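# Here is a sequence together with a model predicted from it:
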2 protein chains.
Amino acid sequence: MKKAILLLVIVAALAGLVESIRAASSQSDDKAVPIYGITIPTGYRDWRLVSVAHEAGNLNDLRAVLGNDIAIKAYRDGTLPFPHGTVIARISWSYVPSEENNKVFGREQSFVAGAPPDWYLQFMVKDSRKYAATAGWGFAQFDKDGKPADEAKMKTCFPCHEPIKARDYVFTHYSP
Amino acid sequence: MKKAILLLVIVAALAGLVESIRAASSQSDDKAVPIYGITIPTGYRDWRLVSVAHEAGNLNDLRAVLGNDIAIKAYRDGTLPFPHGTVIARISWSYVPSEENNKVFGREQSFVAGAPPDWYLQFMVKDSRKYAATAGWGFAQFDKDGKPADEAKMKTCFPCHEPIKARDYVFTHYSP
């Protein structure tokens, strides 16, 4: 009888363990983008600057492009294609007029980074073997809460980057 | 006679040494801005990003604001006033449409960083003792060749920053 109880306890403990592993892995799945399985790279906000841009129209954002050490070295050396391990980050903020700045300038001329839009974070990850089907690049997009873009959205990444094949599918130039 | 020649050689060597010190210090003076005596901080291009902006009007540039480690920590912690040793860098590039990007988007929407304007680099350096007359901030501006702005230009820095006293004379907010 004692053995039967012990067995039940062990089974219950194992079931709990299995459930917590399943929950943890499901949580981690939730944070990776479909197709490419990329999660937000640790420490990307501390990476060095590649360049900046303003996308007008529907996007209407100000954006900074940052790169990990491999990306920055490749950019500065002019290395193409980008080497294995390159990660390029793109952060977007809403394009908003700065009343504070305009008051000082005496005219409406200053536009600054506002709230994060739904397309807040994007990443390109170079791994020629893993992402062979998309010319060696994996793509990712996340909103301000870290929620990944859906599969339909993720399917649009590579077709949009294809025209810039001559620069290894990367639009942004380095600004010294 | 031998002693006299030796003396002459020593005097000549000393004169050469003095001249090379003078030339070096004059060269270094040439690269510092008037009033504040600030030179371009080593390694500023590797500093972390504070935020980005677009100044329209006469400036018509895209700009990135970077900070040294002290600046970034103060920004992220919300520390005001900025501590001694804070250096904030502002890099400007001409605001130019990207034909390359617009071709992909199918419309005129993409503006990117072009050539450096005359006001390419600006720096704010916090040293309450050294720059006591300007609320603890030293200012600097350089063109793409490292040429400092003239005294008339440098006199305009502090008056323009004075209205933003409540944020320790710094316009740019940190963008997460």
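Received it, and whenever you're ready, just let me know what you need.
# Can the longest strand anywhere in chain A be said to contact chain B?
Secondary structure of chain A per DSSP state E: the longest strand is strand A:87-97. Yes. Counting by Cβ under 8 Å from any Cβ of the partner chain, chain B is contacted by strand A:87-97 at A:91, A:93, A:95. In this view, the C-beta of every residue, glycine as well, is placed from N, C-alpha and C.
# any chance of the residues you listed in a markdown table, plus pLDDT?
Below are the residues of strand A:87-97 next to chain B laid out as a markdown table (pLDDT from 0 to 100):
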| residue | pLDDT |
| --- | --- |
| A:I91 | 98 |
| A:W93 | 98 |
| A:Y95 | 98 |
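# how many other residues sit next to A:P159?
Applying other Cβ atoms under 10 Å in any protein chain shown, we find 10 residues neighbouring A:P159.
# if I look at A:E151, how far off is A:R107?
Distance, A:E151 to A:R107, by Cβ to Cβ, to the nearest Å: 46 Å.
# returning to what we had before: looking at the residues of strand A:87-97 next to chain B, which is nearest chain B?
In terms of Cβ to the nearest Cβ, no member of those lies closer to chain B than A:W93, at 5.4 Å.
# can you pull out the helices in chain A?
With DSSP state H, the ranges of helices along chain A come out as A:2-30, A:69-77, A:99-105, A:151-154, A:157-161.
# quick one on the thing from earlier: who does the longest strand of chain A touch, helix- and strand-wise?
Here strand A:87-97 touches strand A:48-55, strand A:61-67, helix A:69-77, strand A:110-113, strand A:121-126, strand B:48-55, going by 3 or more Cβ pairs under 8 Å, 6 or more residues apart in numbering or on different chains; DSSP states H and E.
# So which of the residues of strand A:87-97 next to chain B wins on neighbours?
Busiest of the residues of strand A:87-97 next to chain B [other Cβ under 10 Å] is A:I91, holding 23 neighbours.
# In contact with that one, which residues?
A:I91 makes contact with A:45, A:63-64, A:66, A:120-121, B:175, according to Cβ atoms under 8 Å, 6 or more residues apart in numbering or on different chains.
# What ranges in chain A fall below the confidence cut-off?
The model of chain A has pLDDT under 70 over residues A:1-30.
# 90 instead?
The model of chain A has pLDDT under 90 over residues A:1-30, A:104-107.
# Dump the helices and strands packed on strand A:87-97 into TSV; add distance to B:D168 and mean neighbour count as well.
Shown next, in TSV, are the helices and strands packed on strand A:87-97 (distance: least, Cβ to Cβ, whole Å; neighbours: other Cβ atoms under 10 Å in any protein chain shown):
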stretch	distance to B:D168	mean neighbour count
strand A:48-55	23	23
strand A:61-67	23	25
helix A:69-77	30	18
strand A:110-113	18	24
strand A:121-126	29	23
strand B:48-55	14	23
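# could you dump those to TSV with distance to B:T134?
Below are those laid out as TSV (distance: least, Cβ to Cβ, whole Å):
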stretch	distance to B:T134
strand A:48-55	28
strand A:61-67	29
helix A:69-77	34
strand A:110-113	22
strand A:121-126	38
strand B:48-55	21
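# can you tell me which of these comes nearest to A:R167?
In terms of Cβ to Cβ, the element of those nearest to A:R167 is helix A:69-77, at 10.8 Å.
# send the alpha carbons of that closest one over as CSV?
Extracted C-alpha coordinates of helix A:69-77, given in CSV (Å, rounded to 0.1, in the frame of the first residue of the first chain):
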residue,chain,number,x,y,z
ASP,A,69,29.7,43.5,-33.7
ILE,A,70,29.9,41.2,-36.7
ALA,A,71,27.5,43.4,-38.6
ILE,A,72,29.3,46.7,-37.8
LYS,A,73,32.7,45.2,-38.7
ALA,A,74,31.3,44.0,-42.1
TYR,A,75,29.7,47.3,-42.8
ARG,A,76,32.9,49.3,-42.0
ASP,A,77,35.1,46.9,-43.9
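# helices or strands next to that helix in the packing?
Using 3+ Cβ pairs under 8 Å, 6+ apart, helix A:69-77 sits against strand A:48-55, strand A:87-97.
# Show me what the shortest one pairs with in its sheet, parallel or antiparallel.
Strand A:48-55 sits in its sheet next to strand A:61-67 (antiparallel), strand B:110-113 (antiparallel), going by DSSP bridges.
# ok, now the last one?
When sheet partners are counted by DSSP bridges, strand A:87-97 sits next to strand A:61-67 (antiparallel), strand A:110-113 (antiparallel), strand A:121-126 (antiparallel).
# Including distance to B:Y36, could those strands go into JSON lines?
Conversion of the strands paired with strand A:87-97 to JSON lines gives the following (distance: least, Cβ to Cβ, whole Å):
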{"stretch": "strand A:61-67", "distance to B:Y36": "28"}
{"stretch": "strand A:110-113", "distance to B:Y36": "24"}
{"stretch": "strand A:121-126", "distance to B:Y36": "38"}
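# Between those, which one is closest to B:G138.
Closest of the strands paired with strand A:87-97 to B:G138 is strand A:110-113, at 23.2 Å (criterion: Cβ to Cβ).
# Thank you, goodbye.
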